[in-house]
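Colleague: quick one, what's the 3D model for this:
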Amino acid sequence: MGRILTEKDVEAAVKGGSVYAAGGGGWADHGRMLGLAAVSVGKPELVDIEELEPRDWVATAAAIGAPASTTPWEMRGVDYVKAVELLEKALGDKVRGLMIGQNGKSSTLNAWLPSAILGTKVVDAVGDIRAHPTGDMGSIGMAGSPKKMIQTAVGGNRAENRYIELVVKGATAKISPILRTAADMSGGFIASCRNPLRAKYVQRNAALGGISLALSLGEAIIAAEKKGGSAIIDAIVKATGGTILVKGAVTKKDLVYTKEAFDIGRFVLGEGDKAVTIHTMNEYMAIDDAGGNRLATFPDVIATLDAAGQPLSAGQLREGMFVFVLHVPKKVIPLSSSVIDPAVYPPVEKAMGIELAKYALDGVKRKKKARKGWA
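Modeller: Now for the predicted structure:
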């Protein structure tokens, strides 16, 4: 049976999501706002995908933008609800459940408020266990599909007349950049609801149990908090199945906001032969050592923690900060069909100027019939 999400789950979702945010994934305060609003006005319900009928529609509730940026974004809880309503109108049918494209500081909670208000279920499935820069990476196998999808976006800075409501239809890879442009025009961060798919398709292609993973990680963090920072870091390592790959001071920060609503650049930890480079596109995407050898690559989880065990976003890192770098290899987390889809990598590789696909796809098997059962 489903699990009614309550106030105590809000902080667990924010804290666990903050680690899986991988340097991005929204704002913790925004996540708390979404979660507390949801549990105040209704009873958001987390369900396994098996609890839905195979032909029930499941869409993805997401936030799009670059939350490390200093742009004048404004997004309200009602924007997430409106995005679902616009999608249902365009679909001509009810959406039974909402999954999320990724975990994150706020994105783990993206589906809670529509669930509380509209009665849609929060489906325990994600497009990616960790946060990622492009919608295609959380599109559970639809990135290379020619099928016409529906995507909506709602939000914007009201005081600056940036508020936007948008409904687009077309192949996922062609319309996803439109929503990113809308995010930039709205102020840098916008709510969306996109890609309605049948539950049977989601069951085969999403990373199942992804929200529960974030909640259990958050609960482990909360339980360790009274023991101090090192205990929190140990709890995070144990709960995620990861390791502290490297630790050291940030010696260089080079991050640039682009008109496509991306924060792109790199961080360097340490100096000389001991230096490592963290390649960033909204989130931490890869780590190289001083000799250029690859140490970690998306869809591995890469996160930075301070000495207090607090996950830090790319926007929070500053030169001189001492950080611990968490690495969770892809072999220990559920992988969706979209993160092992070669079609999602070329745009990111081009924007970042590094290779990702050859490392990301090494040793993984593509899910069979990834694009079957969408309708």
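
Colleague: A296 and L245 touch, don't they?
Modeller: Yes: if you go by Cβ atoms under 8 Å, A296 and L245 touch, sitting 6.4 Å apart. Where C-beta positions appear, they are placed from N, C-alpha and C, glycine not excepted.

Colleague: looking at the two, which has the bigger crowd around it?
Modeller: Neighbour tally, A296 and L245, criterion other Cβ atoms under 10 Å: the higher count belongs to A296, 25 against 17.

Colleague: so that one is in which element?
Modeller: Assessed by DSSP states H and E, A296 sits inside strand 294-297.

Colleague: on that earlier part again, quick check: neighbours shared by A296 and L245?
Modeller: When contacts are counted by Cβ atoms under 8 Å, 6 or more residues apart in numbering, A296 and L245 have I287, H327 as shared neighbours.

Colleague: hmm, back to that, show me what the strand holding A296 is packed up against.
Modeller: In terms of contacts (3 or more Cβ pairs under 8 Å, 6 or more residues apart in numbering; DSSP states H and E), strand 294-297 is packed against strand 243-257, strand 283-289, helix 357-360.

Colleague: how far does that strand sit from its chain's centre?
Modeller: 20 Å (Cα atoms, centre = their mean, to the nearest Å).

Colleague: for that strand, buried residues please.
Modeller: Of the residues in strand 294-297, L295, A296, T297 count as buried by neighbour count, 16 or more other Cβ atoms under 10 Å.

Colleague: partners of the last one in the sheet?
Modeller: When bridges are assigned using DSSP bridges, the partners listed for T297 are A286.

Colleague: surely it meets A360?
Modeller: Yes: using Cβ under 8 Å, T297 makes contact with A360 at a distance of 5.3 Å.

Colleague: which residues of the stretch 51-200 of the chain fall in helices?
Modeller: Counting by DSSP state H, counting those that start in this stretch, the stretch 51-200 of the chain has helices at residues 77-91, 112-118, 172-186, 199-205.

Colleague: quick check: neighbours of the helix or strand that the last one is followed by in the sheet, parallel or antiparallel?
Modeller: Spelled out, it's helix 199-205. Sequence order places strand 207-208 as the next helix or strand after helix 199-205, per DSSP H and E. Partner strands and pairing direction for strand 207-208 (DSSP bridges) are strand 121-126 (antiparallel).

Colleague: tell me the mean pLDDT over the strand it pairs with?
Modeller: Mean pLDDT, computed over strand 121-126, is 98.

Colleague: try stretch 301-319
Modeller: Computed over stretch 301-319, the average pLDDT equals 96.

Colleague: after the strand holding A296, next one along is what?
Modeller: strand 301-305.

Colleague: residues contacting that next one, please?
Modeller: Contact with strand 301-305 is made by 19-23, 129-130, 233, 236, 240, 242, 278, 283-287, 296, 311-312, 317, 323-328, 333, as judged by Cβ under 8 Å, 6+ apart.

Colleague: ok, back up a step: of all the helices and strands packed on strand 294-297, which one comes closest to A116?
Modeller: Closest to A116 of these is strand 283-289 (Cβ to Cβ; 27.9 Å).

Colleague: what are the buried residues along that closest one?
Modeller: So, applying 16+ other Cβ under 10 Å, buried residues of strand 283-289: E283, Y284, M285, A286, I287, D288.

Colleague: okay, the residues you listed in JSON lines with pLDDT and distance to I64 next?
Modeller: Shown next, in JSON lines, are the buried residues of strand 283-289 (pLDDT from 0 to 100; distance: Cβ to Cβ, whole Å):
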{"residue": "E283", "pLDDT": "95", "distance to I64": "13"}
{"residue": "Y284", "pLDDT": "98", "distance to I64": "19"}
{"residue": "M285", "pLDDT": "98", "distance to I64": "17"}
{"residue": "A286", "pLDDT": "98", "distance to I64": "22"}
{"residue": "I287", "pLDDT": "98", "distance to I64": "25"}
{"residue": "D288", "pLDDT": "98", "distance to I64": "28"}
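
Colleague: identify the residues contacting M99.
Modeller: Applying Cβ under 8 Å, 6+ apart, we find M99 in contact with V58, A59, T60, A61, A111, V123, A125, V126, G127, V202, A206.

Colleague: quick one: pLDDT of the first one?
Modeller: Model confidence at V58, expressed as pLDDT, equals 98.

Colleague: right, and it touches L98 too?
Modeller: Yes: judged on Cβ under 8 Å, V58 makes contact with L98 at a distance of 7.0 Å.

Colleague: overlap of the contact sets of those two?
Modeller: Both V58 and L98 are in contact with V123, where contact means Cβ under 8 Å, 6+ apart.

Colleague: which one of the two has more residues nearby?
Modeller: L98 (29 against 26).

Colleague: excluding covalently adjacent residues, which one is nearest to that one?
Modeller: A111 (3.8 Å; Cβ to Cβ, 6 or more residues apart in numbering).

Colleague: low-confidence ranges in the stretch 51-200 of the chain?
Modeller: 66-71 (pLDDT under 70).

Colleague: tell me where it has strands.
Modeller: Along the stretch 51-200 of the chain, the stretches classed as strands by DSSP state E, counting those that start in this stretch are 57-65, 97-100, 121-126, 148-155, 164-171, 189-198.
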